[in-house]
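>>> Need the 3D shape of this:
(2 chains)
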Amino acid sequence: MRRVYLDHAAATPVRWEVLEAMLPYFSERFGNPAAVYDLGSEIKDTLEEQRARVARLVGAAAGEIIFTSSGAEANNLAIKGAALANLKKGRHLIVSAIEHHSVLNAARFLEKFHDFEVTYLPVDQHGLVDPERVEKSLSPATVLVSIQHGSNEIGAIQDIDELAGRCRAQGVLFHTDAVATAGQVPVDVQSLQVDLLSLSGPGLGAPKGVGALYFRDKLRLVPQIHGGIQENGRRGGTENVPAIVGLGQAAALALGELDAKSRYLARLRDNLVAGLKERVPQIHYTGHPLRRLPGHASFCVEGIEGEALLFMLSRQGIYANTGSACASKALKTSPVLTALGIAPDVAQGSVVFTFSQDNQEEDVLYVLEQLPPAVERLRSFSPVWRKKVAAASGA
Amino acid sequence: MRFLNECKADATADLVYRVCPMHLLEPVDLIKDLKQGQVLEILTDYDGALEDIPAWCAKNGQEFLGVGEDEAEDFYKLYIRKLH
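Reported below is the predicted structural model:
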């Protein structure tokens, strides 16, 4: 049976060139970068080279990058670290309603344990945050605004330079979660006008367990992992050297391939979207139609459960997602789809496809062949769908 | 401890919220780039720096000028003059 993997937002295989670069750091180059002898100082030099490579991917200086264990940790360090470092200014934080859980729950932590007031901004039907609304929500007590660059659930890419520019003009720090966009579209901290930016390894073809935070030069952050002087005293814990080497290698590869990759992924995505719209009635493309991740196609299919469709697709060797694993496992309607104003019964039919360069046009054709009959079969079991069809036909 | 009302610095090491012993490591690097007679300012929220920085100066033959007072801030400002 053909195997078509289209869940790259959830997990991506480590690229061979990345794995190859990492391997020596598990064995012969095992030293601790903090050690004073050459086995350590060589590793320290390697770490700094990777820092420069990651910095280049986002248009930053090497000294503005902190390595972390994940995108989630980078988000936590950005939000809690910057908020707690600026308590003198105030205790107001602004985030969008469709942020990743590592942003939303970091904000809730500040609400619960540090008396912060958090403004959760709504989004429009395409998932975009209104810059006017952000500006109106700012107050003298606002210490930080955090709005994701791209959504891994609906693919929408925010107008970050506009949003962040308005905050900068008011002297308010701005963080963006670029886990979904780094390596997919150009990400430049200067043109985006952000003070903090998170990214992670897996989206770049690096392993899980590594991420990075960009922080604008000299910005103060309260460490969230207390330990030694690693990461210049900003994040304790001996660095995960092999994974960081993987991240550096993946960042360098991503930078060189960005344009061609974006075009290739967008072509696959557009063919899938056009094909499914043609073949499946009552299917809704979620997120913004144009401002979106190149390899990301998300839909709500009326009259079915997304989980059931995933199960049927997986039996045909097609692997996709419903968007938010946490929400779907808890059998809750996705808060992101709810924020778009999608009715709960429609949101239940969420299905998300995320491509990588490993996918081919034949993969799209295979999905177009397999998905429509699967939807039809699921709908045939659904009394709600049958009633809906009968009502529409006037029966 | 000597307190200073005002002290002009030629370089600053901002170590606020950065863990011990960064308050010793980064100034050592920065002072190398200063000329003789120039002043390094160290910003830190680490209480131990009040002992460690004067002790480091005494041991290394640099002049500890004192601690700057700034009630609006909740961190210390320490000043070192490079003697050699």
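>>> who in chain B is up against chain A?
The interface of chain B toward chain A, taken as CB under 8 Å from any CB of the partner chain, is made up of B:14-19, B:21-22, B:25-26, B:74. Placement of C-beta: from N, CA and C, glycine included.
>>> Just the buried ones out of the residues you listed, please.
B:15-19, B:21-22, B:25-26 (16 or more other CB atoms under 10 Å in any protein chain shown).
>>> from the residues you listed, which ones fall inside strands?
Using DSSP state E, no member of those sits in strands.
>>> Can you name the two of the residues of chain B next to chain A that sit furthest apart?
In terms of CB to CB, those reach their longest pairwise distance at B:25 and B:74, which sit 22.4 Å apart.
>>> ok, back up a step: pLDDT-wise, what's the bottom of the residues of chain B next to chain A?
Checked by pLDDT, the residues of chain B next to chain A have residue B:74 as the lowest-scoring entry (85).
>>> Assign a three-state SS to that one, would you?
Using DSSP: H, G, I helix; E, B strand; the rest coil, the three-state assignment for residue B:74 comes out as coil.
>>> Might one say that it is in contact with residue A:88?
Yes. Under the criterion of CB atoms under 8 Å, residue B:74 lies in contact with residue A:88, with a separation of 7.5 Å.
>>> which regions of chain B sit below the pLDDT cut-off?
Residues of chain B that meet the criterion pLDDT under 70 lie in B:69-70.
>>> one more time with 90, if that's ok
The model of chain B has pLDDT under 90 over residues B:1-7, B:68-74.
>>> Going by residue numbers, what spans are strands in it?
Assignment of strands within chain B using DSSP E yields the ranges B:3-4, B:11-14, B:39-44, B:63-68, B:76-81.
>>> what does the stretch 201-350 of chain A give?
Taking DSSP state E, counting those that start in this stretch as the criterion, the stretch 201-350 of chain A carries its strands at A:211-215, A:283-285, A:296-301, A:318-319, A:350-354.
>>> Pull up the pairing partners for the third one, direction included.
Its sheet considered, strand A:296-301 pairs with strand A:283-285 (antiparallel), strand A:350-354 (antiparallel) by DSSP bridges.
>>> Tell me which of the ones you listed is the most buried.
Here the criterion is mean neighbour count by mean count of other CB atoms under 10 Å in any protein chain shown, and of the strands paired with strand A:296-301 the winner is strand A:350-354, at a mean of 27.
>>> For it, give the mean pLDDT please.
Computed over strand A:350-354, the mean pLDDT rounds to 97.
>>> Please pull up the helix or strand immediately following that strand.
Note on strand A:350-354: by DSSP states H and E, the next helix or strand toward the C-terminus is helix A:361-381.
>>> With just CA atoms, put the helix or strand that that next one is followed by into PDB.
Going down the chain from helix A:361-381, the next helix or strand is helix A:383-393, by DSSP H and E. Taking Å, rounded to 0.1, in the frame of the first residue of the first chain, the C-alpha atoms of helix A:383-393 are listed here in PDB:
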ATOM      1  CA  PRO A 383     -28.200  10.600  10.500                       C
ATOM      2  CA  VAL A 384     -27.400  14.300  11.000                       C
ATOM      3  CA  TRP A 385     -26.000  14.500   7.500                       C
ATOM      4  CA  ARG A 386     -28.900  12.500   6.000                       C
ATOM      5  CA  LYS A 387     -31.400  14.900   7.700                       C
ATOM      6  CA  LYS A 388     -29.500  17.900   6.400                       C
ATOM      7  CA  VAL A 389     -29.500  16.600   2.800                       C
ATOM      8  CA  ALA A 390     -33.200  15.800   3.000                       C
ATOM      9  CA  ALA A 391     -34.000  19.200   4.300                       C
ATOM     10  CA  ALA A 392     -31.900  20.800   1.500                       C
ATOM     11  CA  SER A 393     -33.700  18.800  -1.100                       C
END
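>>> Quick check: mean pLDDT of helix A:383-393?
Helix A:383-393 shows a mean pLDDT of 84 in the predicted model.
>>> quick one: residue A:42 from residue A:229, how far?
Here the criterion is CB to CB, to the nearest Å. By it, residue A:42 lies 19 Å from residue A:229.
>>> dump the residue contacts of the closest residue to chain B within the stretch 101-250 of chain A.
Distances between the stretch 101-250 of chain A and chain B by CB to the nearest CB are smallest at residue A:233, namely 3.4 Å. With contacts taken as CB atoms under 8 Å, 6 or more residues apart in numbering or on different chains, residue A:233 has the following neighbours: A:223, B:15, B:18-19, B:22.
>>> 6 Å - rerun?
Applying CB atoms under 6 Å, 6 or more residues apart in numbering or on different chains to residue A:233 gives the contacts B:18-19, B:22.
>>> Get me the contact residues on the stretch 51-200 of chain A for chain B.
residue A:85 (CB under 6 Å from any CB of the partner chain).
>>> circling back to that earlier point, got the strands of the stretch 201-350 of chain A as CSV, with distance to residue A:264 columns?
Conversion of those to CSV gives the following (distance: least, CB to CB, whole Å):
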stretch, distance to residue A:264
strand A:211-215, 25
strand A:283-285, 20
strand A:296-301, 14
strand A:318-319, 20
strand A:350-354, 14
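>>> Go through the ones you listed and name the closest to residue A:380.
Nearest of the strands of the stretch 201-350 of chain A to residue A:380, taken as CB to CB: strand A:296-301 at 13.8 Å.
>>> pLDDT averaged over the closest one - what is it?
Strand A:296-301 shows a mean pLDDT of 97.
>>> Would you verify that residue A:145 is located in a strand?
Yes. Counting by three-state DSSP, residue A:145 falls inside a strand.
>>> Local confidence estimate at it?
98.
>>> Excluding covalently adjacent residues, which one is nearest to it?
Distances taken as CB to CB, 6 or more residues apart in numbering or on different chains put residue A:94 closest to residue A:145, at 4.4 Å, once the chain neighbours are dropped.
>>> just checking, that neighbour touches residue A:138?
No. With contacts counted by CB atoms under 6 Å, residue A:94 stays clear of residue A:138, the gap being 7.3 Å.
>>> and the gap between residue A:10 and chain B?
With distances taken as CB to the nearest CB, to the nearest Å, residue A:10 is found 34 Å from chain B.
>>> Sketch out the low-pLDDT regions of chain A for me.
A:1, A:203, A:217-218, A:323-334, A:381-395.
>>> Quick check, central residue of it?
Nearest to the mean C-alpha position of chain A, counting by CA atoms, centre = their mean, stands residue A:180 at 3.0 Å.
>>> List the residues that contact the closest residue in space to that one that isn't next to it in sequence.
With CB to CB, 6+ apart as the measure, residue A:150 is the residue that lies nearest to residue A:180, at 4.0 Å, once sequence neighbours are left out. Residue A:150 makes contact with A:157, A:180-181, A:293, according to CB under 6 Å, 6+ apart.
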